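Asker: no FASTA, just this:
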């Protein structure tokens, strides 16, 4: 019975090790993107929302029409 438990532990360790390596590779791959956004010009909240939110656009009107209470 201990052989089965030892084998299960070994499989779990191998899985967790592979998972940890995958997370490390993903973190290393996103590091340049994070560095680039840190050096970009900072937008104010007003600039950021003004460029994107259009209250009279068809999809925004459809959202409010669909989700209106009543």
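Answerer: All right, it came through fine. In this text, all values refer to a predicted model and were calculated from it rather than measured experimentally. Numbers count the residues shown, from 1 in each chain.

Asker: Can you pull up the most central residue in this protein?
Answerer: The residue at the geometric middle of the chain, judged as the C-alpha nearest the mean C-alpha position with C-alpha atoms, centre = their mean, is residue 30 (11.2 Å).

Asker: which residues does it contact?
Answerer: For residue 30, no contacting residues are found, by C-beta atoms under 8 Å, 6 or more residues apart in numbering. Every residue, glycine included, has its C-beta placed from N, CA and C.

Asker: And the helices in the chain?
Answerer: Counting by DSSP state H, the chain has helices at residues 2-39, 45-52, 58-67.

Asker: Tabulate these (a markdown table), appending mean pLDDT.
Answerer: Formatted as a markdown table, the entries for the helices of the chain read as follows, by pLDDT from 0 to 100:
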| stretch | mean pLDDT |
| --- | --- |
| helix 2-39 | 71 |
| helix 45-52 | 78 |
| helix 58-67 | 91 |
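
Asker: ok, so what distance separates the residue nearest to the centre of the chain from residue 43?
Answerer: According to C-beta to C-beta, to the nearest Å, residue 30 stands 21 Å off from residue 43.

Asker: same thing with residue 12?
Answerer: The spacing between residue 12 and residue 43, counted by C-beta to C-beta, is 46 Å.

Asker: got it, and residue 49?
Answerer: Counting by C-beta to C-beta, the separation of residue 49 from residue 43 is 9 Å.

Asker: Residue 24: neighbour count?
Answerer: 10 (other C-beta atoms under 10 Å).
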